[in-house]
Each structure stands twice: as C-alpha cells, then as structure tokens.
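Trainee: Based on what follows, work out the 3D shape:
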Amino acid sequence: MFKLFYVIFMNLHRAPYMIPRMRKRADHPEKWTEEQRYALVHHVIYLMNKTGKITTKAFGLENLPEEGGYMMYPNHQGKYDVLGIMYTHPKPCSFVMDKRKSHTILVREFVDLVQGKRLEKDNPRQGITVINQVAREVAEGKRYILFPEGGYKFNNRNKVCDFKAGSFKIALKSRAPIVPIALIDSYKVFNSLHVGPITTYVYYLKPILYEEYGGMNTQEIASLVKERIEEKIAEVQNPAG
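Mentor: Have a look, this model is predicted:
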C-alpha cells in the first residue's frame, strides 16, 4: 500500500491537467480513436511506473493472435494487474471489473477510456447482460481482460486461487481464442508492504482455440486455464525443477 500512496503523491502535480485530459477523451470517444485513447492510457501508466520505480517485463507477445478478438484470463494479484497488462499489450484492449470499485478517481478514467464494462456482482441479470455484451464485442474483434478469480488477497505471493467457471461463458459465446496470462510479482506494487524498486512479469501463454475448448463445460475450461497459469508460474519460480 505504501507504493500506491507514494505514486499518488509523486503525481499530484500532474492531476490538475492529466485527469481532465483523460476525462475529456473518455467522454468523447467520437473525437479520439481507440488507438489514441489507448495511447493516453499507456502514457499515464508510464508516468506512474517511472515515479514509482516500477518495471514490467512481458514475455510471449508472439502468442497473441494477430487478427480478431480474444479473451485474456489472468491470475489476479492486486490493483496493478490491469495496468501491467495494458502497459505491455501492444493493441488496444479493455477489461471487466467490479462496479463498486470502478468509480474512484483515476480508476473511473481508465475504465471509461477503454470503454470497460462494470459488473454488478450481486445482480445476476446485469451480469448476464455484461457477458452478452462482451461476447458480442469480442466476436466482432475486440480484446478483453477478465479475472476469473474475481478478487485477490493482500500480499498474494503469486498464489492462484480458484477460478469462477462463469467467467468462461464469454469465451464459449464468442468462440474466440482464450489467452491465459500468468502474472508474477504484480501484487508487490500496490498490494503489499514492499518498498523500493519493483519488477513485475506478464507471461502471455499460448492461446487456447475454440476447437480445443468448445466441447468442454465452463468448469473444465476454468481448470484448464488455471492449470496452465500455475504451470508457468511454477516454471518461472523453479527453473531447475
């Protein structure tokens, strides 16, 4: 948490002009392209990383499908997860998040700049609407991030918790590739007591095509994706194992 307050403090002088700039582009997507809005997201994350001495390294970018939409399913470690993925993901992408956490300053701007979806966890009907909206957009070529764990624990230490099977309904409906993402040490940024420079890692794993998962139910897909993420984390942390 120290790092979060430090980054906020070190960027207070930028807030009076940067947040209105983000708000303006978010409120008028007809004036700025998706690429232009995403470039602003990149710039803001760059400033946060620079002042917070945060380095994020990405691997497996060659695994990302070159054409069409796809669903990215990462393990969830904390508040920095989406930022780390968007900072390393070359093409515009969006994400789904808990509506209750989406209206704080700066978070609101990030969500609206990439036209993210706000999910009401206690409203099943609204959840179905969001699932259908995202599935339709992915089928049309958009790229989304969704955390199947649903939440995270403080000082995560790279532990992967149970995946919610319902998260994978979007993939089945859109028939789009699933890109598992293994996040390592992302929790250290804003969800631990770590101080000093931090390096986080984003591993884009080989996509799982509809031909491979189309005959599975959501629980089986959840287990498959979780297993691949856990295998990558174990491989990176224990290279000699």
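
Trainee: Could you tell me how far the closest residue to Pro197 other than its chain neighbours is located from Met216?
Mentor: Nearest residue to Pro197, sequence neighbours excluded (Cβ to Cβ, 6 or more residues apart in numbering): Lys53, at 4.2 Å. C-beta here means a position set from N, CA and C on the backbone, and glycine is covered the same way. Plainly put, Lys53 is 42 Å away from Met216 if you go by Cβ to Cβ, to the nearest Å.

Trainee: Which residue ranges of the protein form strands?
Mentor: Applying DSSP state E to the chain gives strands spanning 54-59, 70-74, 94-98, 117-119, 143-145, 178-184, 198-204.

Trainee: partners of the third one, with directions?
Mentor: Right, strand 94-98. Looking at strand 94-98 with DSSP bridges, its partner strands are strand 117-119 (parallel), strand 143-145 (parallel).

Trainee: Would you reformat those strands as a markdown table and include distance to Val130 and mean neighbour count?
Mentor: Formatted as a markdown table, the strands paired with strand 94-98 follow (distance: least, Cβ to Cβ, whole Å; neighbours: other Cβ atoms under 10 Å):
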| stretch | distance to Val130 | mean neighbour count |
| --- | --- | --- |
| strand 117-119 | 5 | 19 |
| strand 143-145 | 11 | 23 |
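
Trainee: Just send the ones you listed back as CSV, with distance to Val236 and mean pLDDT too.
Mentor: Formatted as CSV, the strands paired with strand 94-98 follow (distance: least, Cβ to Cβ, whole Å; pLDDT from 0 to 100):
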stretch, distance to Val236, mean pLDDT
strand 117-119, 30, 98
strand 143-145, 20, 98
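
Trainee: For this protein, name the helix or strand with the lowest mean pLDDT.
Mentor: Across the helices and strands of the chain, mean pLDDT, DSSP states H and E gives its lowest value to helix 2-10, namely a mean of 91.

Trainee: and the gap between Ile85 and Tyr73?
Mentor: Applying Cβ to Cβ to Ile85 and Tyr73 gives a distance of 11 Å.

Trainee: hmm, I was thinking of Lys169
Mentor: 12 Å.

Trainee: quick one: which of these two has more around it?
Mentor: Between Lys169 and Tyr73, counted using other Cβ atoms under 10 Å, Tyr73 has the larger neighbour count: 28 against 17.

Trainee: what pairs with that one across the strands?
Mentor: Pro180.

Trainee: Report how many residues lie close to the residue nearest to Met10 when sequence neighbours are not counted.
Mentor: In this structure, Met10 finds its nearest non-sequential neighbour in Thr51, 4.0 Å apart by Cβ to Cβ, 6+ apart. Counted by other Cβ under 10 Å, the residues lying close to Thr51 total 15.

Trainee: So which residue is dead centre in this protein?
Mentor: Val82 (3.3 Å; Cα atoms, centre = their mean).

Trainee: Hmm, Leu146 and that one touching each other?
Mentor: No - look at Val82 against Leu146 with Cβ atoms under 8 Å: they stay out of range, at 10.4 Å.

Trainee: related to what we said a few turns ago, redo the strands paired with strand 94-98 as CSV? Include distance to Pro207.
Mentor: Below are the strands paired with strand 94-98 laid out as CSV (distance: least, Cβ to Cβ, whole Å):
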stretch, distance to Pro207
strand 117-119, 22
strand 143-145, 11
